[in-house]
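# okay, sequence plus prediction incoming.
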Amino acid sequence: MHLLKSPDGKGGIIAIFNMNPAMDTKGWNQIMTLPRHLSLLGENKIDRDRLRIEPAGDIESLRSDHKSFKEIHLPANNEIVINEVQSNAMEIMTEIEVNGSPMIELNVFRSPNKEEFTRVAFYPNRGYRDWERYDQWQPDKRLAASEGLITIDSSYSSVLPDVLFESARNRTCFSRYRREFKITSIY
């Protein structure tokens with residue numbers, strides 16, 4: 001399989017997506033996303049079916065007010081609010097040890113009393129099953145051959161009555177060890 005060549009010579013294509021507005025705003029009709037570089041992860045029989053999506057071009061000038069947190073303990077069934085992070089746009093780079101949890105949830109763009117938020121949930125071993133690694137009906141092998149699934153749910157992102165919400169978006173999350181939740185960016 002051959003990768004398409006992008007203008008930067010890295011392979012793949014550059015895409016700009018049309019975002020439908022959630023709310024009618026006078027003077028605005030549609031909005032475009034930042035450019036994204038789309039390519040395949042590799043050429044072997046597993047990676048050739050996986051899509052890599054990453055920012056295209058120089059976006060460093062859009063980044064500011066970096067925050068870093070390490071070694072945060074996340075007790076089960078409790079919400080930990082990090083008040084130092086507040087923004088209307090963010091890029092998240094994180095690793096979370098799942099430790100057998102069936103789901104890890106991040107609420108981003110959260111209002112102080114949680115009237116509004118966008119929910120990002122990670123479900124380990126619930127996504128794409130790699131049949132090349134799984135050929136028997138044994139639960140431990142089935143789970144080891146399954147990738148994680150990320151769901152982004154914006155249905156609570158506004159309390160305004162005229163806002164239209166997108167349906168939840170699911171993305172398969174590929175993790176080498178299937179025990180870690182890794183997000184490299186959210187737009």
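Cool, the structure landed.
# the chain: strands as residue ranges?
All strands of the chain, identified by DSSP state E, fall at 13-15, 18-19, 31-32, 36-40, 51-55, 94-97, 104-108, 118-123, 148-153, 169-173, 180-183.
# can you add mean neighbour count and mean pLDDT and give the ones you listed back as CSV?
Yep, even glycine has a C-beta here, placed from its N, CA and C like the rest. Compiled in CSV, the strands of the chain are given as follows (neighbours: other C-beta atoms under 10 Å; pLDDT from 0 to 100):
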stretch, mean neighbour count, mean pLDDT
strand 13-15, 14, 82
strand 18-19, 10, 72
strand 31-32, 10, 74
strand 36-40, 18, 84
strand 51-55, 14, 82
strand 94-97, 12, 80
strand 104-108, 18, 89
strand 118-123, 19, 86
strand 148-153, 19, 80
strand 169-173, 15, 55
strand 180-183, 18, 49
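# which of these sits closest to Glu79?
Of all those, strand 104-108 sits nearest to Glu79, with 7.2 Å by C-beta to C-beta.
# what strands line up against that closest one, and which way round?
Here strand 104-108 has these sheet partners by DSSP bridges: strand 118-123 (antiparallel).
# gap between Asp162 and Asp24?
Here the distance between Asp162 and Asp24 works out to 7 Å (C-beta to C-beta, to the nearest Å).
# same deal with Leu34?
In terms of C-beta to C-beta, Leu34 sits 23 Å off from Asp24.
# next: Ser68.
From Ser68 over to Asp24 the distance is 38 Å, taken as C-beta to C-beta.
# quick one, which of these two is more surrounded?
A direct count of neighbours by other C-beta atoms under 10 Å for Ser68 and Asp24 places Asp24 higher, at 10 against 5.
# I'd say that one and Leu160 touch.
No - the pair Asp24 / Leu160 is not scored as a contact, 11.1 Å apart, by C-beta atoms under 8 Å.
# how about the nearest residue to Met103 once chain neighbours are set aside, what does it touch?
Distances taken as C-beta to C-beta, 6 or more residues apart in numbering place Tyr123 nearest to Met103, at 5.3 Å, with adjacent residues excluded. Taking C-beta atoms under 8 Å, 6 or more residues apart in numbering as the criterion, Tyr123 is in contact with Pro102, Met103, Gly148, Leu149, Ile150, Thr151.
# cool, Pro112 as well?
Taking C-beta under 8 Å, 6+ apart, one finds nothing in contact with Pro112.
# many thanks, I have nothing further to ask.
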